[in-house]
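>>> how would this look folded up:
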Amino acid sequence: MRLVMKFGGTAVDSPDKVRHVAHLVKSHKKDNEIVCVVSALRGMTDGLLSIADSVKRGDKTSIDEFVKKSAKIHTDVAEGAISDKRLKNEAVAVVKKIINELEDVLGGIVLLGEVTPKSLDYLMSFGERLSTPILSFALHIDRQQLWRG
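Numbering: from 1, shown residues only. Next comes the predicted model:
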């Protein structure tokens with residue numbers, strides 16, 4: 001059977017919760033094909049909408065603060081949720097790469113001085129693009145830990 005499991009932002013906003021979700025997904029794997037959908041971490045979507053308004057005003061200070069805060073939150077969750085050092089480092093590298101892209105996109109939008117519907121859609125994708133690899137790497141760890149246990 002194919003199961004679709006959807007997890008909202010509050011379900012993945014801490015290392016403990018990410019590990020719990022990974023365990024939950026893994027526990028339903030037997031005899032099922034799992035499709036896992038993960039929302040942005042709690043507050044990220046609202047933060048992206050807010051930063052879009054700041055971009056319209058050319059407020060570079062808010063952008064820098066938002067990028068730093070987003071990087072810290074996502075890096076902290078990844079580091080806390082994944083115990084295997086190699087996979088943790090890979091997850092953090094992916095998060096940092098996406099954060100760098102987010103910073104570039106915001107900088108480009110500031111230069112244009114407008115937020116078009118297309119650029120807003122692209123900007124809004126970053127929440128899920130940041131949360132998904134964290135859970136993906138946590139699932140990999142969860143699988144390894146279950147094999148050992």
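>>> what is the strand or helix carrying residue 119 packed up against?
Take DSSP states H and E as the rule and residue 119 turns out to sit in helix 117-124. In terms of contact count using 3 or more CB pairs under 8 Å, 6 or more residues apart in numbering; DSSP states H and E, helix 117-124 is assigned the packing partners helix 44-56, helix 85-112. (Each C-beta comes from the backbone N, C-alpha and C, glycine too.)
>>> can you name the residues in contact with the first one?
Here helix 44-56 makes contact (CB atoms under 8 Å, 6 or more residues apart in numbering) with 9, 39-40, 62-63, 66, 69-70, 73, 106, 109-110, 113-115, 120, 123-124, 126-127, 130-131.
>>> kindly recompute the last result at 10 Å.
Judged by CB atoms under 10 Å, 6 or more residues apart in numbering, the contacts made with helix 44-56 from elsewhere in the structure are 9, 13, 39-41, 43, 59-63, 65-67, 69-70, 73-74, 102, 105-110, 112-115, 119-120, 123-128, 130-131.
>>> can I have the buried ones of those as a ChimeraX selection?
Isolation of the buried members of the contacts of helix 44-56 (16 or more other CB atoms under 10 Å) is achieved in ChimeraX through the command below:
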select :9,13,39,40,41,43,62,63,66,67,70,73,74,102,105,106,109,110,115,119,123,124,126,127,128,130,131
